[in-house]
Structures are given as C-alpha cells and as structure tokens.
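[1] Give me a 3D structure for the following:
(chains A and B)
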Amino acid sequence: MKISYEWLKEFVDLNISPEELTSLFNQVGLMVETTEKIEGDAVYEIETYANRPDTLGHLGVAREIATLLDLSLKSKTWPLVELEQPTSDLIDIQIMDSKLCPRYCGLVVKGVKVCPSPEWLRKRVEAIGLRPINNVVDISNYVCFSLGQPIHTFDLNKIGGAKIIIRKARKGETIRTLEGMLVDLSPEMMVIADESRPVAIAGVIGGEESGITEKTRDVFIESANFNPISVRLTAKKLGLTTDASYRFERGADVNCAPVAATMAASLLCSFGAMASRGLLDVYPAPGKLKTVTLRLKRIAELLGVEIPSDFVIKTLTGLGLKLKEEGKNVWSVEVPSFRVDLEREADLIEEVARFYDYDRIPSEVTPAKSFELPADRKRERLWRLKEILFHQGFDEVINFSFADPEKEKIWQTGLNPIKLKNPISSRSSMLRTSLLPGLVENAVWNFNREAEGVHIFEVGNIYFWEDKEVHKEKLRLGILSTGIREGQTWKEPKKETDFFVLKGAVESLVSLLGLNSLDFKSEGHPFFEDGQSLQMFLKNEPLGYLGVIKKAIARNYELESPAYGAELDLSELLERQLKPFTFVQIPKFPGTSRDLSFLLDESVPYQEIHRQLQKLNVPYLERFEVYDRFQGESIPPGRVSFAVRFFFRHQARTLQTEEVDRAMLDILSQLKTSLKIQLR
Amino acid sequence: MSSLQEKIKEYRQIFQDLASRVKGAKEAEELRQQFFGRKKGHLTLLFDELKHLSPQERKRAGKALNDFKEEIQKLLTELEEKFRTEKPVRLVEDLTLPGKKLYWGSPHPITLFQREIEKIFMSMGFSVEEGPEIETDYYNFEALNFPPHHPARDSWDTLYINNKLLLRTHTSPVQVRVMEKKKPPIRIIIPGKVFRRETPDPTHLPMFYQVEGLVVDEGVTFAHLKGTLQYFIKALFGEKIKLRFRPSFFPFTEPSAEVDIECIVCNGQDPNCRVCGGSGWKEILGAGMVDPQVFKNVNIDPEKYSGWAFGLGIDRTAMFAFQIPEMRYFYENDLRFLRQFNRK
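    Reported below is the predicted structural model:
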C-alpha cells in the first residue's frame, strides 16, 4: 500500500519530517519497504496485513500516526450542492440478500462535465501509482485511497429502468468488464443489475456498458458494503484482484459507506455538478458494535511489563475505541466498525503493546520449572548416521520432494504415487516414491560440472498411497556411488568406486549404529541389473535394497559410469531399541593365528562360506578373517580359492601349539563336510 | 675368598670365549641368559655364594663381584648393539609434497544450520518434535485460526493433494499436534520441510525448511519471547548483532511480532545493498504470543496458560548468514557448493 506524506496531512497536522515518520510507521507495524521522493512529497510503500483493512486508506494510517504523536484527526465535512429532486425519484435500490450485501448507499450527481482532473488531484492519484484518467475516475480512486472504502460510478442513463438490484447472477449471464473482458457469470456470484442485466460484478469490477464515458452527464455513485467471503470467492474464480475486491475481502467498514458516497458527490459538486437530495441508504439489518472486556492485570500478565492505565486509555481512545470503566482497571471497550480485527482481549493488548513500543518491553529468559527428557534418541542417531557416511566420503544432498511422472515411470518403484492437484509444473506434479532418481540426477549434474566421482546420500521422505484413502510418508536413506573415489593423492593411482564401497558403507553404518545381524539375500529389483542386487534384512525385517543400477535406467539420464545405489528404510535403523552398552574385558593372554587356504566350488556364495565359518564349533576360536579370494590359471576351472585367517585364544592362559594344531584339524574336517573344501 | 676371585677370573675367560663365538642377536640374548638368568645364571649363582662368607670378606668380595657384573653388563650391551637388527630409517625424498588426507563428506548446509539452531535451543532445555509433511486443512489452517476463505491464507499459498490433504505450508501444524496430546509445560522446537505454491525466484522455492519454537506454561510473557529470541539470535550470529521487534500479523499469534536483525552484509552502510535494500535491517523471523483461539482449539485454558511461538526460514537465514545469493543452490546439490560447508 502506497502512502503519501502530503496526503496524510489532509487528516492530521504532522509536526515531523518524512524521515522521522518512517520509524514511527515501523514501530506500529506499518513496515516501510521503500520510500520515494516525488515532487516535494514522500511516498512510502507500506506492508499491510490481511486483518487490517483500515490501513488500506490514508485515513486509517493517519489515525495510527495521530495516536502515536498524541494528535487529533482533523474533522472533515463534505458539503453538497443539492438539486430539488430527491435521490429516490431518480433511482431505486433493492438488496435481494442482506447477508451478501449488508448496506448499499447511492447518490446521483447531475450535470457532470467529464474532463481531466486538476493538478492537486492528479498528484494524489499519481502518488499511489495510478494513472490519472478523468475527474470522475480519479475522484473514485481518491475516495477509495483516502477512506479505504471502494466506490463505483455508473452512467445513470445506462442503468435500465433506473433500478439497482443487488442479486446473484443468473445462469448464462455474462458481462463485459471495464477492462474489456467478457466474463461468464456463475450463480454463486453477486452482481449489481439493472432491470434486465448485470451492470457490475459486486465488489470486484464494473461493467463496460454502464461505465463513465466522455459523454456521461449524470453519474450514479455506489458506495456499498459486500460480504468478504462472497467477494473473495468471486474474485478468485474470475482470477481478478482489484483495489475494490482487495478491500472488500478483508472487510470494509460498514459505516463508511455513506461517508464515501457523500465525499465523492461533494468533490463532483466542486466541478460544477449538483447532487440529488438525500442519500439513499439501504441498510436492512444495522450491525451492532462489538464490546470487549480489557483488564490491566492481563496486559502485564501477557506482555511481562506493567503499563500505566492512563497510557492504555489514551492509546485506545486515540484509535477510536470507547472505554467504559467496569471496575478498578477493568474496562468494557467498544470497538469501532472500521477495526474488524479487534475481537478479543488479546487483540486489544496487541494495540497497547504496539503503541507502547515492542522495543520498550523488557527481554527476559523463559523460566522453566522442569526439563523434559527426549522421548527417543532418534535425532541423535540420525546425526550419527550422517557422520558415519561423511567419514566414508559421502556428501549429503537434499532434493525436492516433487517428482516428474515421466522420469518416475522409468524406475517402476511399484508404489502408488501421490499426485498434486495444483502443481507448479507438470515436471513436478507428483511426490517422489524413491530417493534414487534424485541422486542419479545429482550425479549427472555434477559429472557435467567437472566432477570425476559422485558419492552422495540423502535422508528424506518418500510418499505414496497405501490404499485409496491412506497416504504414507516414510523416512528413507538413499546412497549413490559412481565414478572416481575421493581422497586419492599423488601416491596412488585414481581408483573407481565399486559395489563393495557401497556395501561397506552400509555394513559399517549398521554396525556403528550398534546394530548387528545385517543379512543380505540375493533378490531381483526393478532398479538394478539382473542378479546384481541384494535385499537387506535387519533381524529378519526388510531394510532395503542395494545393487548395480540398471544401464537401461542410467541411459535415460545420460549417466555413463557404472552407478551403485542403495535405499534403506530409516525407521528400523533409528527406532530399534539397543541393549545398554557395557564394555568387554580386554584379553589378558596372547592369542595365536593360523592361515588356511582352500579351494571350493565357485557356485558357493561367500555368504554361505561365512555362515558355515560362523557355525564352526571349535574350542578357543575367537574370530576369522577372509584375506584372499582368487580365481585364475593356478586354480582348476570351476573352483575358487579362499584364504582365511583364524584367531585363537584362551581366556585364562597361553595356548599350547598342540591345542591350536588340534583346533585347525577340527576346522578342516568340519569345513570338508559343510563346504566340501579341498586344501590347496 | 681366593676361590671367588678365581671364579671371577675363570668366568671372565668363559665369557670371552663365548662372546667371541656370538654371531647374532639371538646368541647374544642366550649369553645374557647364561650369566644373568634369574635362577641359573653364573652371576646369580656367584652372588648366592656371598652369603657363606664372613661380614668382612663379604664386603670385599661383594665389591669385586659387582665390578665384574658391571664389566660383563657393559660387554654384553656392546655385543647386543653390534647385532641389533633394526630396519634402517628410510629417508623421505621430498617432505614438501602434500600429505595423504582422508576425504570427509560434507553435510548439506541446511542440515548444518538446522543442527546449529537445534543445539542452541536444546541447551535451553527445548526438545525437538517432528510431524507429517502431508497435512489436513484442519491442522495447517483451521486449528491455527485461519478462517476458511480468509485473505490471510494468501500468504501461505498451498499445494493441494485433494480436498482434504495438502502439503504443509509451515511447521506450525506440529504445534497443534503436540498441544493436542501433551499438556503444558511445553518447550519444543519443530524443524522440517515445508511447501508453498511459489514460482521459483532467487529467494522463493516451492520447498524449503523452517524451524518453529513453542513454549506453553503458566506465566509466560512477551518479555520471555523477546529474551529467548534475543539469546538465540546472538548465539547464532554473534553477541554484537542488533535486533528489533516490530508488530506484525499472524492468525495464530496475538500479539504478533516480526524480528529484524542488522544487515551483516552492509551494516546499513550501502543504500543499494542487495540483501537489506539499504534499510540496514533484514527480516528474519515471525513470532508472537499463542492466540487464545489456538489454545481453545486444543483444549488448553488460555486464562491459565500462556505461550509464545516463533517461526524462522532455515534456508533464508542460512542464505543471510553465509551470504548465499540464490536459494536454488541448496537444491541443485552442486558438489562445488556443498563441499564448501565441510569447513564450516
């Protein structure tokens, strides 16, 4: 909202400079965004709020400043040069539904000479960023931006039957607006009609045919109050926001309607026209003013500062409120109709605080009688999880939750996606059902910008319909590794990442979070090459997938280097209860190790070997480590060589060589049975 | 006595013979054992003999034996030194070459900034709450005192899923969810993703992060809101930062305030500053006392309890703090951008 310093002076005798005014505006919450100097005037762009339609005119803003400066508003009168003819002889006003149109005032002005406005009026109109058109239009704008009350002017002679009917539009009715647009009206829209057709869309915009032209002589001035919701719905449906609709949908002052009509007529009279006698004021069910109880004690309770009662009285009175003492420091406060926002005690306390100045309210810390323990350690573990991944060289990314249906199709996540009703674009018209598509896009983006390798992860929700009615959002972890690995130096050649980099990351993640028993099962998945993916389980609960991303998918993104991806459900990882941690005694006696190299059938997966090694029932065996896997010329075809190091230890003494020899024989015989191994 | 002297002479000879035959560290160690072994070492045995002598003889013989012990000790050490088999020191050719650094991944700046905020509030006894990103109109608007069809909703332009569901436009619905299930005292912050139907530009995107704070208790005042936010902002931006509170409007707080902080980019010196537009102030968060209607909606008695709440855009605050000109950088995930935050 643009506010002119000179214009304000029409309402209050400002005794401060335009610069000083800026800080006053800010104090009461009329935040000045910019200030412009125009021909001896200062024009402020002020932030106004949806609950303060009274500040959408200079009068309302002047009231705030006058209160702050302890000045009074100038009283204004709008004299008319009157015709003999009463208004009711010239026009008939009929409101069909007083809920939609609580009040409608009208006056006729005859003998208007439509011409360019005089200098003072042009300046006002230009100050608020509008283009001067002619005296009639400029007066409408001047009244609207003075009082905050929109008015509309019709060419009286274009109103059929001299009848104004405020009604709902009829099916099939249309109107050509002042902007020249032909609009189809629908039956929930409120219109101003003459005896046969709509002449304006109530509270939004006038019709072209009934509008003022250079030939207009007689003007009908409309100054009405329309239902905010009705105006808003109509304006939204038509995609039209006008100065009028902007004010009506916020709630115009019902008692301003007659004043605005008179002011407009008075100004037209000053150009030699004459007004009809007696304002027509149709107001079927006059509203009552609200009263709110205000306690001085409550002001201190809410603001944390004692504010003297005379400051409270002075401020609220200045704002046009009427205080009646109900008890000691308790008032019944009558709220004027232009303050639609003041309904409860808290609203009045805000008024007191604004004028007292927020900066004068003391700053204290918020005391607490008790602190609560966190309900779970989820957040701590989430951060730990991220740190484990940083440590392994993965960078964190955050992608939009939106997805492109075309791209999402490529992945076949198998989840029923949630579509948006009013997306910003078709390429972000649904919510993602997997994190990996985003990560692949990030990889491509970076490869196109000098990156040699991309190792990234994201923690975020995916979304889907579980069934027709039930939607789900699930927290997931996505990891992607592709290209050259990080952290290499002149000492070693550059190495490309591989599947085991990714798998190792997942394995350490799970174990460093204090969880064990991570299992893998070979399982197909639409994201990954055939036979190149594993399903992960944590204590038999599915945790997610990892694998080699399908070439057929990568091709769609022009991702050339092999990419390895994993996607895990985080609820399992973050919420699973851990056993309380206790330390394990470090061994007192030295241990011994022995190596074993053996051949076995290449079709046996390592996981099976591992399982059998874990099953070994051999005394003193502490742990084992696979340190080589080899296939080549020296190995018979169809066979593979493994080398395993076994560690032995006795808790209470040093082991004897013979005991370890016996244990090794034991291992050998058990593995011969379980894995059909053959010594090398 | 003379026998001990002779024995010393004899063992000196034995030692010399054996020492001349030592060819490695292992043999030197064996030789040491022969002489110094705890039970059967020659010297150990010789010292044992001292106890059969008279006190005067013992004094003299003891001295002679100790001298002999030191002599052998010295020779043994020389011998061991000779056969020490340590690897030689390998010399580094050029110490000015760069070291081998482990690469640590970088946290996303939003994560980093959000964590800083969480830490500050947790140090003041706040706990962290979260809530769903897909919300109902009730939690996102109605319960927060946005009447249906009110223009106040225009500032929270919404992405809808259907007539019932939408993507939350702020983290405030979590306030309502928490107050519904928990009675005061409440002292929480709520970080999370929020969505608006915004056309992308340098400072607007359809998705961003917010953090919300809420305190509800008996006797909570606007002064408490001011004091706590002041501490928070100073903890985040440094002790010297100036801030101001000015009135504003949010349907779910009354009185409402906006907090501006001094522009750290131009310190109010540049009339064309692209961050503060020359005003010297940057709007950073919205706050206020919880609206009595919101309390009524969750069955908390507004006469007994009062509370304050605030909301802050994490992206925009991070942009301001790190002087990032475009919001989209956060979601492009360019490694050259992300990895800068490794140093933060």
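
[2] counting contacts, what elements does the longest helix along chain A pack onto?
    Identified as the longest helix of chain A according to DSSP state H is helix A:657-675. Contacting helix A:657-675 under the criterion 3 or more C-beta pairs under 8 Å, 6 or more residues apart in numbering or on different chains; DSSP states H and E are the following elements: strand A:592-601, helix A:606-615, strand A:639-648. For every residue, glycine as well, the C-beta is placed using N, CA and C.

[3] ok, residues contacting that helix?
    For helix A:657-675, contacts defined as C-beta atoms under 8 Å, 6 or more residues apart in numbering or on different chains pick out A:592, A:594, A:596, A:598, A:600, A:604, A:608-609, A:612-613, A:615-621, A:646, A:648, A:650, A:677, A:679.

[4] One more: stretch B:112-124?
    Counting contacts by C-beta under 8 Å, 6+ apart, the residues outside stretch B:112-124 that touch it are A:365-366, A:379, A:383, B:107, B:128, B:189, B:191, B:209, B:211, B:213, B:228, B:231-232, B:235-236, B:312, B:314, B:317-318, B:321, B:341, B:344.

[5] Tell me where the stretch 451-600 of chain A has helices.
    A:499-512, A:551-556, A:570-575 (DSSP state H, counting those that start in this stretch).

[6] so which of those helices gets nearest residue B:34?
    With C-beta to C-beta as the measure, helix A:499-512 is the member of these nearest residue B:34 (51.8 Å).

[7] if we can go back for a sec, now render the helices and strands packed on helix A:657-675 as CSV, adding mean neighbour count, distance to residue A:666 and mean pLDDT.
    Shown next, in CSV, are the helices and strands packed on helix A:657-675 (neighbours: other C-beta atoms under 10 Å in any protein chain shown; distance: least, C-beta to C-beta, whole Å; pLDDT from 0 to 100):
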stretch, mean neighbour count, distance to residue A:666, mean pLDDT
strand A:592-601, 16, 12, 93
helix A:606-615, 14, 13, 90
strand A:639-648, 18, 11, 94
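
[8] okay, those in CSV with distance to residue A:70 next?
    Output for those, formatted as CSV (distance: least, C-beta to C-beta, whole Å):
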stretch, distance to residue A:70
strand A:592-601, 92
helix A:606-615, 85
strand A:639-648, 89
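
[9] Compare these and give me the one nearest chain B.
    strand A:592-601 (21.2 Å; C-beta to the nearest C-beta).

[10] what sits against the closest residue to residue B:267 other than its chain neighbours?
    Nearest non-adjacent residue to residue B:267, counting by C-beta to C-beta, 6 or more residues apart in numbering or on different chains: residue B:280, 7.3 Å away. Residue B:280 is in contact with B:262-263, B:266-269, counting by C-beta under 8 Å, 6+ apart.

[11] Ok, which of the helices and strands packed on helix A:657-675 comes nearest residue A:287?
    helix A:606-615 (79.1 Å).

[12] low-confidence ranges in the stretch 401-550 of chain A?
    Scanning the stretch 401-550 of chain A for pLDDT under 70 picks out A:487-488.

[13] mind redoing it with 80?
    Residues of the stretch 401-550 of chain A that meet the criterion pLDDT under 80 lie in A:486-492, A:516-517.

[14] and what of the stretch 1-150 of chain B?
    Within the stretch 1-150 of chain B, the segments meeting pLDDT under 80 span B:1-3, B:84-88.

[15] Report the closest residue of it relative to chain A.
    Closest point on the stretch 1-150 of chain B to chain A, by C-beta to the nearest C-beta, is residue B:103, at 3.2 Å.

[16] right, and that residue touches residue A:393 too?
    Yes - the criterion here is C-beta atoms under 8 Å, and residue B:103 meets it with residue A:393 at 4.5 Å.

[17] list the contacts for residue 47?
    You didn't say which chain, so I picked chain A. Residue A:47 neighbours (C-beta under 8 Å, 6+ apart): A:1, A:30-33.

[18] looking at chain B here, not the other one
    Contacts of residue B:47 by C-beta under 8 Å, 6+ apart are residue B:65.

[19] how close does the residue nearest to residue B:267 sit to residue A:255?
    Residue B:280 sits 41 Å away from residue A:255, going by C-beta to C-beta, to the nearest Å.

[20] now swap in residue A:315 and tell me
    22 Å.

[21] after the top helix by length along chain B, next one along is what?
    Determined from DSSP H, the single longest helix within chain B is helix B:55-83. The helix or strand immediately downstream of helix B:55-83 is helix B:109-122, counting by DSSP states H and E.

[22] What pairs with whatever helix or strand comes next after that next one, parallel or antiparallel?
    The helix or strand immediately downstream of helix B:109-122 is strand B:127-128, counting by DSSP H and E. Its sheet considered, strand B:127-128 pairs with strand B:186-195 (parallel) by DSSP bridges.

[23] Do you have the helices of the stretch 151-300 of chain A handy? List them.
    A:228-238, A:243-248, A:257-269, A:296-303.

[24] Mind putting these into JSON lines with mean pLDDT, distance to residue B:168 and mean neighbour count?
    Output for those, formatted as JSON lines (pLDDT from 0 to 100; distance: least, C-beta to C-beta, whole Å; neighbours: other C-beta atoms under 10 Å in any protein chain shown):
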{"stretch": "helix A:228-238", "mean pLDDT": "94", "distance to residue B:168": "22", "mean neighbour count": "21"}
{"stretch": "helix A:243-248", "mean pLDDT": "96", "distance to residue B:168": "27", "mean neighbour count": "23"}
{"stretch": "helix A:257-269", "mean pLDDT": "96", "distance to residue B:168": "40", "mean neighbour count": "24"}
{"stretch": "helix A:296-303", "mean pLDDT": "96", "distance to residue B:168": "28", "mean neighbour count": "19"}
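
[25] Now render these as TSV, adding distance to residue B:74.
    Listed next are the helices of the stretch 151-300 of chain A as TSV, based on distance: least, C-beta to C-beta, whole Å:
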stretch	distance to residue B:74
helix A:228-238	104
helix A:243-248	105
helix A:257-269	118
helix A:296-303	90
